[in-house]
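> sequence unavailable; structure follows:
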């Protein structure tokens, strides 16, 4: 079953260009992965340093494989130095009630 992953972050102020560049790098890496369907980046209208990435995957297993991959972990090491707090993850099944 397809899943949507919401990745919520708040970044330190003053580093927009670096943050935007790193988020694109992580997304482009995901695009090459088996099971990746699509994603979008949402910038909070009221707080421009709060960002939600909504990522769609064919299955939770595909997401977990990418989430735990050495490539993603290396990219996230760069992202973490600009975080203002911790990253939150939420996982949703897509479609009608699956259970």
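Yep, it's here. Note that the structure is a prediction, hence the values are computed from the model and not measured. Numbering: from 1, shown residues only.

> residue contacts, residue 11?
19, 49, 50, 51, 82, 83, 84 (CB atoms under 8 Å, 6 or more residues apart in numbering). C-beta coordinates here come from the backbone N, C-alpha and C atoms, glycine included.

> of those, which belong to helices?
residue 19 (DSSP state H).

> what about the contacts of residue 11, which one has the most neighbours?
Each of the contacts of residue 11 was scored by neighbours using other CB atoms under 10 Å; the highest score is residue 19's, at 20 neighbours.

> re earlier: distance to residue 3 and pLDDT added to the contacts of residue 11, as CSV?
Shown next, in CSV, are these (distance: CB to CB, whole Å; pLDDT from 0 to 100):
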residue, distance to residue 3, pLDDT
19, 25, 88
49, 27, 92
50, 23, 95
51, 20, 95
82, 27, 92
83, 24, 94
84, 27, 94
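
> and the contacts of residue 11, which of them are in strands?
Using DSSP state E, the members of these that fall in strands are 50, 51.

> hang on, residue 25 packs against residue 77?
No: contact criterion CB atoms under 8 Å: residue 25 and residue 77 do not qualify, at 11.7 Å.

> among the contacts of residue 11, which two are most distant?
50 and 82 (12.8 Å; CB to CB).

> buried residues in stretch 9-27, which are they?
9, 10, 11, 19, 22, 23, 26, 27 (16 or more other CB atoms under 10 Å).

> what residues are up against the first one?
The neighbours of residue 9, taking CB under 8 Å, 6+ apart as the test, are 50, 51, 52, 53, 79, 83, 85, 87, 88.

> and what of the fifth one?
Residue 22 makes contact with 75, 78, 79, 82, according to CB under 8 Å, 6+ apart.

> so how do I select the buried members of the residues you listed in ChimeraX?
In ChimeraX, a selection of the buried entries from these looks like this (16+ other CB under 10 Å):
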select :75,79,82
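
> and of the contacts of residue 22, the nearest to residue 32?
residue 75 (12.3 Å).

> can you give me the strands in the chain?
Taking DSSP E as the criterion, the chain carries its strands at 3-10, 36-43, 50-57, 88-93.

> now these as CSV including distance to residue 70?
Output for the strands of the chain, formatted as CSV (distance: least, CB to CB, whole Å):
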stretch, distance to residue 70
strand 3-10, 18
strand 36-43, 17
strand 50-57, 18
strand 88-93, 19
